[in-house]
Structures are given as C-alpha cells and as structure tokens.
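In: No letters, just coordinates:
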C-alpha cells in the first residue's frame with residue numbers, strides 16, 4: 001500500500017485502527033462531507049475515528065462528540081468499519097480507502113454542491 005502525504009486522512013486512520021484490539025469499540029469512518037473555507041461547497045471523501053460517541057479526526061487534530069462533528073462536517077454519506085472490517089477491506093483492496101464508490105469515484109472529484 002502506498003501512502004499519499006497530501007490529504008492522508010485515510011492512511012492515518014487505517015494505520016491507527018489496525019493497531020487496536022478487535023473488540024476495542026474503535027470504528028474507522030469513511031464519509032463524504034461538504035468542504036468549508038477554501039473548499040466551500042465541494043464534496044470530498046474524508047476519514048476519522050469514532051469510539052464511545054466521540055470523534056478523533058487525526059488529520060486536523062479535532063476531538064468532539066459525533067453529533068457535533070457530523071453537523072460541522074456537513075456529512076452526506078457515512079460508512080462505518082470495525083477493526084476487523086478495516087483489516088479485511090484493506091487487505092482485499094490493497095489500499096487504505098475509501099472502499100465505497102459512493103464515498104469516492106473518479107466522476108465525483110471536486111463535485112460542487114449547492115450551499
């Protein structure tokens with residue numbers, strides 16, 4: 001698997017989650033969110049970690065409640081993977097993700113949505 005240094009949220013989260021015990025309660029999340037700031041209104045894939053109702057966004061250093069994070073990120077689609085699921089999907093696809101075409105495909109790159 002190759003790691004992309006720019007926008008490496010999928011790699012960071014995958015590397016984090018595979019270090020956890022299978023029954024740890026940690027979940028790897030792949031989501032389609034709507035950008036803010038410089039990328040306002042642009043849908044893009046993003047990854048983060050959830051456990052016990054909390055989010056750990058390893059790319060941006062954010063820690064907050066899931067409900068607050070989903071509202072802030074303007075979540076469109078969310079896919080949740082257990083530690084075991086992440087190990088299996090990573091091995092099958094031979095990359096960090098995203099693994100769901102609804103989260104990312106070549107036709108959606110930089111798709112702008114209505115505000």
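Out: Noted; the coordinates are in hand. This is a predicted model, so every value here is computed, not measured.

In: Need the nearest residue in space to residue 87, chain neighbours excluded.
Out: Setting aside the residues directly before and after it, residue 87 is nearest to residue 18 in space (CB to CB, 6 or more residues apart in numbering), at 5.8 Å. No exception for glycine: its C-beta is placed from N, CA and C like everyone else's.

In: Thought residue 82 was touching the one you found, still the case?
Out: No. In terms of CB atoms under 8 Å, residue 18 does not count as a neighbour of residue 82; the distance is 11.4 Å.

In: what residues are up against the residue nearest to residue 87?
Out: Neighbour list for residue 18: 83, 86, 87, 90 [criterion: CB atoms under 8 Å, 6 or more residues apart in numbering].

In: For it, give its distance to residue 32.
Out: Distance, residue 18 to residue 32, by CB to CB, to the nearest Å: 23 Å.

In: per-residue confidence at residue 69?
Out: Each residue has a pLDDT score; the one for residue 69 is 95.

In: swap that for residue 20, please
Out: In the prediction, the pLDDT value recorded for residue 20 is 96.

In: One more: residue 99?
Out: Residue 99 carries a pLDDT score of 91 in this model.

In: Could you check how far the closest residue to it other than its chain neighbours is from residue 12?
Out: Closest residue to residue 99 apart from its sequence neighbours, by CB to CB, 6+ apart: residue 89 at 4.8 Å. Taking CB to CB as the criterion, residue 89 is separated from residue 12 by 16 Å.

In: So for the two, which residue has more residues nearby?
Out: residue 89 (20 against 17; other CB atoms under 10 Å).

In: That concludes my questions; thank you for your assistance.
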